[in-house]
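Novice: how would this look folded up:
(one chain, ligands or ions: 1)
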Amino acid sequence: MKLLIINGPNINMLGIREPGIYGDKTYSALVELIKSACEKEGIEPRFFQSNHEGAIVDEIQAAYGVFDGIIINPAAYTHTSVAILDALKAVSIPTVEVHISDVKEREDFRQISYVSKAAIKTIMGLGFDGYVKAVEYLKEYVLKSSR
Ligand code: DQA
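Specialist: Next comes the predicted model:
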């Protein structure tokens, strides 16, 4: 099973960026955590982080026919990007949306998620562990759908 893990703008700044909200661990530490969760589950991961909306759309399009599932934290594009939503709908790959912080408890402008409309599940407020939960959830989901 192959999973694509996409992180959007400013996720590369983890560890420096607003540690009171996102914690003090880096993006590399996040990748290592997800890698070991995937190894445990026998999953082959690919990691992609970009600060550019079009690059994320390109990556989702390229996933068609290649990946069994997508885990995406679109970061700020969550609340603005119809293009990312449309790309996810176009490829129709089971997608779990993850947010490190509890977006529900934050500003009004974060209350809309376009990506949610294409996601089979949204996990938020669990810190980095949310990605591990997403790996486990997608594995179950993909195995169930292939039965
Ligand atoms: C985020 C929440 C978004 O509102 C924010 O723009 C981010 C990160 C999160 O992981 O909690 O960049 O997606």
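Novice: Who are the contact partners of the residue nearest to K139 when sequence neighbours are not counted?
Specialist: Nearest in space to K139, with sequence neighbours left out and distances taken as CB to CB, 6 or more residues apart in numbering, is E41 at 5.1 Å. (Each C-beta comes from the backbone N, C-alpha and C, glycine too.) If you count contacts by CB atoms under 8 Å, 6 or more residues apart in numbering, E41 has them with M1, V135, E136, K139.
Novice: May I see the PyMOL selection of the buried members of those residues?
Specialist: To isolate the buried members of the contacts of E41 in PyMOL, using 16 or more other CB atoms under 10 Å:
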select buried, resi 1+135+139
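Novice: Could you identify the most distant pair in the contacts of E41?
Specialist: M1 and E136 (12.0 Å; CB to CB).
Novice: Look up how far M124 lies from the residue nearest to K139.
Specialist: In this view, E41 and M124 are 22 Å apart by CB to CB, to the nearest Å.
Novice: Over to A83?
Specialist: A83 is 22 Å from M124, by CB to CB.
Novice: For those two, indicate the residue with more neighbours.
Specialist: M124 (18 against 15; other CB atoms under 10 Å).
Novice: per-residue confidence at that one?
Specialist: Here the pLDDT value assigned to M124 is 98.
Novice: Return the set of residues that bridge with it.
Specialist: Listed by DSSP bridges, the beta-bridge partners for M124 are H99.
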